[in-house]
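1. whatever this is, show me its structure:
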Amino acid sequence: MTQDFQRHNGSPSSSGKAFVIYPAIVTKETSDPFAEEARLEEACGLALAIDLDVTHSEVIRLRSPRPATLIGSGSVETLASMIQAKKPDLVVMDTALTPIQQRNLEKAWKCKVIDRTGLILEIFGARARTSEGSLQVELAALMYQKSRLVRSWTHLERQRGGLGFIGGPGETQLEMDRRLITERIVKIKKELAQVKRTRALHRRARRRVPYPIVALVGYTNAGKSTLFNRLTKAEVFAKDLLFATLDPTMRSLKLPSGREVILSDTVGFISDLPTQLIAAFHATLEEVLEADLILHVRDISHPQSDNQNQDVRKVLEEMGLTSSLEEGMIEVLNKVDLLPSLDDMPAPPRHRVFVSALTGKGVDDLLLRIDERLAMAEKIYAYELPFEAGEALAWLHAHGDIQTQDETETGISVVVRMSPVNAHRFEKKYLTEDNARHYASS
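-> Down below sits the predicted model:
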């Protein structure tokens with residue numbers, strides 16, 4: 001299965017020509033040509049994200065991987081002839097390569113070879129804008145590079161040792177590089193630990209003036225940033241590119257009920273997300289762990305939307321969010337403007353909503369669903385306020401749903417439905433022994 005096309009038509013912005021190869025390990029049970037083509041298209045999109053000019057892409061089907069080169073010798077030779085003719089600057093193997101496989105393919109093709117992890121690291125390195133994002137990318141890159149140092153320094157002498165020998169020249173370049181990388185990894189982890197502590201302080205500060213946190217998650221390029229901009233009138237970078245944004249962004253959002261929430265846009269997920277990146281971006285993904293509600297944005301127009309859904313859920317489960325996947329999540333089925341019609345589709349259940357972040361269709365319904373879901377977590381609180389506590393009463397009207405309000409001999413009796421965070425906020429701000437009595441809550 002091959003595809004020949006020009007991505008940038010050799011434009012000056014192109015960072016080089018590339019071949020993209022997806023080695024698909026297939027059996028009779030797992031054979032799925034449509035999924036293979038979708039994976040190849042995604043790999044080409046990843047290459048496009050760093051301005052590579054994809055001059056050839058191909059799916060190579062394997063029954064079992066070869067330890068030395070992953071793909072068979074016949075495929076290696078065929079690609080060697082094509083590489084010699086078209087002279088790409090880079091070959092992207094859309095899978096995880098061992099250091100030995102990477103070295104052997106580079107020798108056979110006389111061309112630079114990177115695997116899926118290396119390509120995603122290149123994208124992340126180009127996209128990171130904040131110091132935290134840069135640290136996370138550097139940590140992931142160093143952890144990846146550490147296992148591949150042996151490829152870079154094979155020309156250098158290994159240190160000799162043992163009885164009967166004079167000994168080697170001291171620390172070899174390989175050992176020096178490994179030591180320097182290890183030291184840098186330790187330093188970055190300390191800096192990210194400080195970032196984690198700072199983020200925890202910010203979360204505690206938000207709890208003191210508590211607003212519910214609503215986090216956007218989803219497969220990369222599902223339209224999270226476009227939806228974020230539509231909801232908050234922000235100007236977060238949003239483009240039809242894989243991993244267009246990396247660094248988390250937070251903005252306040254007022255819902256139809258008047259309730260205010262904090263909306264958080266996070267990094268997109270992808271199938272076979274490298275473990276180094278999950279570990280490195282844990283501080284960022286902690287915002288999802290702390291969220292009161294998760295909006296899972298899905299590209300409903302994508303042919304592999306169901307598979308992408310499973311990939312996102314797998315990462316969320318690895319983060320320990322299994323219990324929240326049903327109770328605390330709304331599936332936002334985005335890009336309905338790309339569908340022929342919604343008339344033939346069944347009405348979505350209460351935990352799903354159709355939207356188009358680009359046109360705004362369904363966004364009002366989404367806001368109502370968010371309001372509804374947050375309201376489900378609310379409780380009934382009863383307060384007795386003095387007659388002069390007009391400001392406190394106005395606050396309850398603005399932030400809760402008043403069930404009953406009656407005058408008594410000593411003041412105003414109020415029963416209100418609101419979230420626990422708003423109840424905490426109200427009680428801390430207005431309830432003291434001198435001016436009010438909190439006589440019941442349930």
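
2. could you list the domains of the chain?
-> For the chain, the structural domains run 2-123, 128-153+170-210, 212-375, 378-441, going by automatic domain parsing.

3. rank the ones you listed by mean pLDDT and give me the bottom one.
-> Lowest mean pLDDT within the domains of the chain: domain 128-153+170-210, a mean of 74.

4. that older thread, need the domains of the chain in a markdown table with mean neighbour count, can you?
-> Where C-beta positions appear, they are placed from N, C-alpha and C, glycine not excepted. Shown next, in a markdown table, are the domains of the chain (neighbours: other Cβ atoms under 10 Å):
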| stretch | mean neighbour count |
| --- | --- |
| domain 2-123 | 17 |
| domain 128-153+170-210 | 15 |
| domain 212-375 | 18 |
| domain 378-441 | 15 |
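
5. mind jotting down where the helices sit in the stretch 1-150 of the chain?
-> Along the stretch 1-150 of the chain, counting by DSSP state H, counting those that start in this stretch, helices occupy 33-48, 73-86, 99-109, 116-127, 131-146, 149-152.

6. figure out which of the ones you listed is closest to Ala200.
-> Ala200 lies closest, by Cβ to Cβ, to one member of the helices of the stretch 1-150 of the chain: helix 131-146, at 13.7 Å.

7. now do the closest one: which elements does it pack against?
-> Contact here means 3 or more Cβ pairs under 8 Å, 6 or more residues apart in numbering; DSSP states H and E; on that basis helix 131-146 packs against helix 116-127, helix 173-208, helix 275-280, helix 282-289.

8. following element in sequence after the last one, please.
-> Spelled out, that is helix 282-289. Moving toward the C-terminus from helix 282-289, the next helix or strand (DSSP states H and E) is strand 293-299.

9. show me what that next one is packed up against.
-> So strand 293-299, by 3+ Cβ pairs under 8 Å, 6+ apart, packs with strand 213-218, helix 224-232, helix 305-318, strand 329-334, helix 363-376.

10. mind putting the ones you listed in CSV, distance to Leu385 included?
-> Formatted as CSV, the helices and strands packed on strand 293-299 follow (distance: least, Cβ to Cβ, whole Å):
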stretch, distance to Leu385
strand 213-218, 29
helix 224-232, 34
helix 305-318, 42
strand 329-334, 35
helix 363-376, 23
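
11. between these, which one is nearest to Asp53?
-> Among the helices and strands packed on strand 293-299, helix 224-232 sits nearest to Asp53 (Cβ to Cβ), with 25.4 Å.

12. how far off strand 329-334 does the closest one point, in degrees?
-> 100 degrees (axes from the mean of the first three to the mean of the last three Cα atoms, to 10 degrees).

13. report the inter-axis angle for helix 224-232 versus strand 213-218.
-> Using the same axes, to 10 degrees: helix 224-232 against strand 213-218 is 150 degrees.

14. distance from the chain centre to helix 224-232, please.
-> Here helix 224-232 is found 15 Å from its chain centre; the criterion is Cα atoms, centre = their mean, to the nearest Å.

15. also stretch 68-87?
-> Taking mean C-alpha positions (Cα atoms, centre = their mean), stretch 68-87 and its chain are 34 Å apart.

16. which residues does it contact?
-> 17, 19, 21, 23, 55-56, 60, 62, 65-66, 91, 93, 95, 97, 100-101, 104-105, 108-111 (Cβ atoms under 8 Å, 6 or more residues apart in numbering).

17. stretch 90-105 too?
-> Contacts of stretch 90-105 (Cβ under 8 Å, 6+ apart): 16-23, 39-40, 43, 46-47, 52, 67-70, 76, 79, 83, 109, 111-117, 119, 147-148, 150-151, 272, 274.

18. span of it from start to end?
-> 12 Å (Cα to Cα, to the nearest Å).

19. got it, and stretch 102-119?
-> First residue to last in stretch 102-119 (Cα to Cα) measures 13 Å.

20. then stretch 349-360?
-> OK, stretch 349-360 end separation, Cα to Cα: 20 Å.

21. what are the contacting residues of it?
-> Against stretch 349-360 from outside (Cβ under 8 Å, 6+ apart): 223, 226-227, 229-230, 297, 300, 326, 329-337, 342, 345, 348, 361-363, 365-366, 369, 372.

22. next, Pro386: phi, psi?
-> Main-chain torsions, Pro386, degrees, to the nearest 10: phi -70, psi 160.

23. kindly report the same for Leu358.
-> Per degrees, to the nearest 10, the backbone of Leu358 is at phi -70, psi -40.

24. skip the chain neighbours and tell me the closest residue to Lys17.
-> Distances taken as Cβ to Cβ, 6 or more residues apart in numbering put Pro88 closest to Lys17, at 4.4 Å, once the chain neighbours are dropped.

25. how near is the one you found to Val113?
-> Separation of Pro88 from Val113 (Cβ to Cβ, to the nearest Å): 10 Å.

26. do the same with Leu255
-> Leu255 is 50 Å from Val113, by Cβ to Cβ.

27. cool, Val26 as well?
-> Distance from Val26 to Val113, by Cβ to Cβ: 22 Å.

28. and what of Ser73?
-> Ser73 is 16 Å from Val113, by Cβ to Cβ.

29. next: Asp292.
-> 45 Å.

30. ditto for Asn307
-> For Asn307, the distance to Val113 - Cβ to Cβ - is 27 Å.

31. for Leu70, same thing?
-> From Leu70 to Val113 the distance is 10 Å (Cβ to Cβ).

32. cool, and Glu191?
-> Glu191 is 32 Å from Val113, where distance means Cβ to Cβ.

33. and the closest residue to Leu255 other than its chain neighbours, what does it touch?
-> Spatially, and ignoring its direct neighbours in sequence, Leu255 is nearest to Asp371 (4.6 Å; Cβ to Cβ, 6+ apart). Neighbour list for Asp371: Leu255, Pro256, Ser257, Arg259 [criterion: Cβ under 8 Å, 6+ apart].

34. and what of Lys17?
-> Leu52, Asp53, Val54, Thr55, Lys86, Lys87, Pro88, Asp89, Leu90.
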